[in-house]
Structure formats: structure tokens, C-alpha cells
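Chemist: 3D, please:
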Amino acid sequence: MKKKSPILIVLLLVFLVSCNDCKESKNAASTNSNHDNETDSLVVNNEYEYSEFDLCEPDPSLHPILDSVVNSAIACPELENKGLLYCLWIHKSEDSLTRVSIELREQKRIYCLNIGKIFTYKGLIFNANYDKQYKDLFRNSGLKVKYFCKKENILMGDHDDAMVATWEYVMENNQVRCISYGFCNKSWMDEKYYKIERVIQ
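Modeler: The predicted model follows:
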């Protein structure tokens, strides 16, 4: 019995060491697996970020336009999808009219650098960009909002944001007129606002 004891002790030690080795290899495999998952996750998420933007309030003169867009969204429920952003741009066109263009785009395809200010209106989220002369149409609330958007991609440029719907309006003489729209398989355009005038000499 005394002769067997050292052998049993040696066998027991070998068994314990081999068990520890098994645990370490499992832990290493688990760590590598987690690391791989994190790496994959980082590769995917590295394309996007939460950027901070000014939260603003639109001037009441824009409400008829915004109401028109909201009514379109109500008529076509798919436009209320939370993954969409209404991109509003106000500028003066070549015909000296104030034009308000609104393009509905997929949030995951919008570059952060293409977002000016954010505002909400009746449950919809808008991105406001405008020429300097129209800055008074958007009053800063003094608050900031974080929005999930795509980092600038030098190779792709800013042409990767998919458009879902469009509206265009003109503002003249304190009145708003819709001059085109395209959403939910419906489209219309007032051609007189899109004619290219040629000067014949």
C-alpha cells in the first residue's frame, strides 16, 4: 500500500495539471472567440457613430410645408419608419424664388457631415440645411441631440444616402406652393417651375 501511494499522488498531480491546461485552452479559445466577435463588431460599427447636433425649432412660416409632409406620411404609413430622416434644404434658386426641398432618406445611409441641425415636427425627425440668408427660420433651442449616422467615407463621397421620397415647395409673397412630390409610387411636377429657359439670339 505504501508503494502505491506515491504512484497515486503522481497520477493525481498529472490529472490536475491536465485539467488546468484544459481550462486554460478553453479560456483562451473563449477569449479569442470573444475578441474575434468584438473585432467583427468593431469593423461593422466603425462605419457609424453618434454625432452631436444643435436641436432647433422651425419658424411658423415653415409649418404649412411641414404639415404637408406630415399629411403625406399619414397617407403612406411606410414613410413614418423610424429609420428615415427628412432632409430639408432652403435656398434661393436661379429664378430668385425661395425653394424648400425635402428629401426622405435612410438614416443608415446618411453621412454625419451632411446633417446641419436637427428638429422634430409632429413625430417626424428633420435635418435642416440652409443658405445663410435663411438662418432666422431656425431658432436654436440651446439643446444638443445625438444622432446615429455614417462617418465620412473618402472613397464613397456623399453619394451613398438612398432617397425614399421627395417634395419641393416655393415660398413667395408670404405664401407656400408645392411644385413637386414623389412618394409611395405617386409623383407630380409643376413644369413651369422646372423649365430651362433658352435665350435665342
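
Chemist: helices and strands of this protein: which one bottoms out on pLDDT?
Modeler: Of the helices and strands making up the chain, the lowest-confidence element is helix 4-45, at a mean of 46, by mean pLDDT, DSSP states H and E.

Chemist: grab the longest strand from the chain for me.
Modeler: Within the chain, and with DSSP state E defining each element, the longest strand by residue count is strand 138-150.

Chemist: average pLDDT across that strand?
Modeler: When pLDDT is averaged over strand 138-150, the result is 95.

Chemist: cool, stretch 96-115 as well?
Modeler: Confidence over stretch 96-115 (mean pLDDT, whole number) is 92.

Chemist: that stretch: which residues count as buried?
Modeler: Buried residues in stretch 96-115, defined by neighbour count with 16 or more other Cβ atoms under 10 Å: 98-105, 107-112, 114-115. In this view, the C-beta of every residue, glycine as well, is placed from N, C-alpha and C.

Chemist: determine which two of those residues are furthest apart.
Modeler: By the measure Cβ to Cβ, the buried residues of stretch 96-115 have their two most distant members at T98 and K108, which lie 31.2 Å apart.

Chemist: show me the contact partners of the longest strand of the chain.
Modeler: Residues from elsewhere that reach strand 138-150, judged by Cβ atoms under 8 Å, 6 or more residues apart in numbering: 47-59, 107-112, 115, 117-119, 128, 130, 160-161.

Chemist: of those residues, just the buried ones, PyMOL syntax please.
Modeler: Isolation of the buried members of the contacts of strand 138-150 (16+ other Cβ under 10 Å) is achieved in PyMOL through the command below:
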select buried, resi 51+53+54+55+56+58+107+108+109+110+111+112+115+117+118+119+128+130+161
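
Chemist: in strands only, show me the contacts of strand 138-150.
Modeler: Judged by DSSP E, these include 48-58, 117-119, 128, 130 as members of strands.

Chemist: which one of the buried residues of stretch 96-115 is nearest E172?
Modeler: Top of the list for closeness to E172, among the buried residues of stretch 96-115 and by Cβ to Cβ, is T98 at 6.9 Å.
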